[in-house]
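Peer 1: Sequence and predicted structure, then a few things I'm wondering about:
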Amino acid sequence: MLNETYRAMLGNKSVIRETFMYGKQRAAEIGYENVFDYSLGNPSVPCPQEFTAAMQDLLTNEEPVNLHGYCPSQGDPGFRTDVAAHLTKTFGLPYEQKHIFPTTGAAGAIAHAIRAVTQPGDEVLTFAPYFPEYGPYVAGTGAVLKVVPPQAPTFQPNLDAFEQMIGEKTTCVLINTPNNPTGVVYSAGTLTRMAEILTEKSKAFGHNIFLVSDEPYRDIAFDGKKVPYPAAFYPHTLTCFSYSKSLSLPGERLGYVAVRPGCEGEDVLVDMMAQISRFTGHNCPPSIIQRAVSRCQNVTSDLSVYETNMNLLYDKLTALGFEVERPGGTFYIFPKALEEDANAFCMKAREFDLLLVPSDSFGVKGYVRLAYCIDTEKVKRSLPALEKLAAAYRK
């Protein structure tokens, strides 16, 4: 008998993927250069030369049986040690190898982290707007996702509502900064107050509430600013990272969970996640990718193009009268649609071959997301299309 849970999911396809596939079809009709596809968050800059050189060196000089053999269930020891050293140097917290668990991207990191700190029936809180895949990530653990309502237009977390929503069953809070879809960076003040609330509520309910921090865009920050590191504000934090954006390696599927030193269970959580892997069939990311990325802890791709693209779009959107918060990072911008129905607005945008993503699946009504990880030249050529779209609503 087929599993009806997964069969039912076939009718709930990703609007992001649907829009992307429409763009592929439209490009076949009128040419790729004429379709302004802002749907998919797929990095548009190459990986750094250091990664390519590391891969070439490993393939040329390492003994093949050793290079391509199994690594321990907890991941490659060298990779774990190098990640811990990088985090310690960058954020001043005494991470060690025992705190690092390699995963298949940030998705695998979140899935392992939530399973490690929840029981079926527990509640996981997140803040709207949020990445839609959080729903299945949490549902797969048996926990229940509760969404804190948004705080427009700044989209800093709504901490008053958050404080009211935390209950006895709350064992985990899932955050994302810099945020997909808004590009907003959670401020130090926000994280300080969030940590105070979590500490107070943990004491009141007699158990620690864990913070799971989803940070794949941590290295894409604008205006020369550093992104505040949530684990520095709250001890019971599991940091989920991916190299998909910082090194432009989305297809290689490498990330990690970093257990904050001083966290409850810091000596056992990584070993617990290795056991979770047995249950899920995760079984570690590829050994060669772990070893190559070990050599690239202190480099990133050239991420400056994203700030260039952001400024072009932000300036044009504000000039056209859109309500939009200026992103502090990522490669997303989240303007308010020019009508209440974001889906209808996105369909109108298709008339000008602008492919935007409506905000409904992110837990917010009336906004759209633009993923501007495309060539700057194409961003510039899309600006007249944005002008035409705005003009259509002034008639």
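Peer 2: In hand now; what should we look at?

Peer 1: Please count neighbours and contacts with C-alpha atoms only from this point.
Peer 2: Will do.

Peer 1: since we're on residue 26, how many residues are nearby?
Peer 2: Using other CA atoms under 10 Å, residue 26 is surrounded by 16 other residues.

Peer 1: what helix or strand does it sit in?
Peer 2: Here residue 26, judged by DSSP states H and E, is contained in helix 15-30.

Peer 1: Counting by contacts, list what the following helix or strand past that helix packs against.
Peer 2: Reading on from helix 15-30 to the C-terminus, the next helix or strand found by DSSP H and E is strand 36-37. Of the remaining helices and strands, those touching strand 36-37 by 3 or more CA pairs under 8 Å, 6 or more residues apart in numbering; DSSP states H and E are strand 354-355, helix 376-392.

Peer 1: what mean pLDDT does the last one have?
Peer 2: It refers to helix 376-392. When pLDDT is averaged along helix 376-392, the result is 96.

Peer 1: that older thread, flag every buried residue along the helix holding residue 26.
Peer 2: Of the residues in helix 15-30, 15-16, 19-20, 23, 26-27 count as buried by neighbour count, 16 or more other CA atoms under 10 Å.

Peer 1: for the residues you listed, which one is nearest residue 261?
Peer 2: residue 16 (36.8 Å; CA to CA).

Peer 1: Distance of the closest one relative to residue 22?
Peer 2: As judged by CA to CA, to the nearest Å, residue 16 and residue 22 stand 10 Å apart.

Peer 1: What of residue 184?
Peer 2: Summarising the geometry, the distance separating residue 184 from residue 22, computed by CA to CA, is 28 Å.

Peer 1: Do a quick rundown of the strands in the stretch 201-350 of the chain.
Peer 2: Secondary structure of the stretch 201-350 of the chain (DSSP state E, counting those that start in this stretch): strands at 210-214, 237-242, 255-259, 332-333.

Peer 1: Export the ones you listed as TSV, with columns for mean pLDDT.
Peer 2: Rendered in TSV, the data for the strands of the stretch 201-350 of the chain read as follows (pLDDT from 0 to 100):
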stretch	mean pLDDT
strand 210-214	98
strand 237-242	98
strand 255-259	98
strand 332-333	98
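
Peer 1: Residue 303: which of those is closest?
Peer 2: Using CA to CA as the measure, strand 332-333 is the one of these that comes nearest residue 303, at 13.4 Å.

Peer 1: from memory residue 371 sits against residue 43, does it?
Peer 2: No - look at residue 371 against residue 43 with CA atoms under 8 Å: they stay out of range, at 9.6 Å.

Peer 1: and these two? which has more neighbours close in?
Peer 2: Between residue 371 and residue 43, residue 371 has the larger neighbour count (other CA under 10 Å), namely 26 against 22.

Peer 1: residues contacting the more buried one?
Peer 2: Contact criterion CA atoms under 8 Å, 6 or more residues apart in numbering gives 38-41, 331-333 as the residues in contact with residue 371.

Peer 1: Output the lowest mean pLDDT helix or strand found in the chain.
Peer 2: Per-element confidence for the chain was summarised using mean pLDDT, DSSP states H and E. The lowest value among helices and strands belongs to helix 4-9, with a mean of 79.

Peer 1: now for it, which elements pack on it?
Peer 2: The elements that helix 4-9 packs onto, with contact taken as 3+ CA pairs under 8 Å, 6+ apart, do not include any helix or strand.

Peer 1: Of all the buried residues of helix 15-30, the one with the weakest confidence?
Peer 2: In terms of pLDDT, the lowest of the buried residues of helix 15-30 is residue 23, showing 74.

Peer 1: nearest spatial neighbour of that residue, skipping sequence neighbours?
Peer 2: In space, residue 23 comes closest to residue 37 once its chain neighbours are excluded; the distance is 6.4 Å by CA to CA, 6 or more residues apart in numbering.

Peer 1: Quick check, pLDDT for the one you found.
Peer 2: As predicted, residue 37 sits at a pLDDT of 93.

Peer 1: Pretty sure it sits against residue 354.
Peer 2: Yes - in this structure, residue 37 sits in contact with residue 354. The criterion is CA under 8 Å, and the distance is 6.2 Å.

Peer 1: what about those two, which has more around it?
Peer 2: Neighbours were tallied for residue 37 and for residue 354 using other CA under 10 Å; the higher tally belongs to residue 37 (28 against 24).

Peer 1: can you pull the contacts of that one?
Peer 2: When contacts are counted by CA under 8 Å, 6+ apart, residue 37 touches 20, 23, 353-356.

Peer 1: and if you look at residue 102?
Peer 2: With CA under 8 Å, 6+ apart as the criterion, the residues that contact residue 102 are 74-76, 80, 109, 254-257, 284-285.

Peer 1: rerun at 10 Å
Peer 2: Contact analysis of residue 102 by CA atoms under 10 Å, 6 or more residues apart in numbering lists 73-77, 79-80, 83, 108-109, 240-242, 254-258, 270, 273-274, 283-286, 290.

Peer 1: Just the C-alphas of the least confident helix or strand of the chain, formatted as PDB.
Peer 2: Included here for helix 4-9 are C-alpha records, laid out as PDB according to Å, rounded to 0.1, in the frame of the first residue of the first chain:
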ATOM      1  CA  GLU A   4      -0.900   8.400   1.800                       C
ATOM      2  CA  THR A   5       0.900  11.100   3.600                       C
ATOM      3  CA  TYR A   6       3.500  11.500   0.800                       C
ATOM      4  CA  ARG A   7       0.800  10.900  -1.900                       C
ATOM      5  CA  ALA A   8      -1.100  13.900  -0.500                       C
ATOM      6  CA  MET A   9       2.000  16.100  -0.700                       C
END
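
Peer 1: Next, format the strands of the stretch 201-350 of the chain as a markdown table and append distance to residue 163 and mean neighbour count.
Peer 2: Formatted as a markdown table, the entries for the strands of the stretch 201-350 of the chain read as follows, by distance: least, CA to CA, whole Å; neighbours: other CA atoms under 10 Å:
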| stretch | distance to residue 163 | mean neighbour count |
| --- | --- | --- |
| strand 210-214 | 14 | 26 |
| strand 237-242 | 18 | 28 |
| strand 255-259 | 24 | 29 |
| strand 332-333 | 28 | 27 |
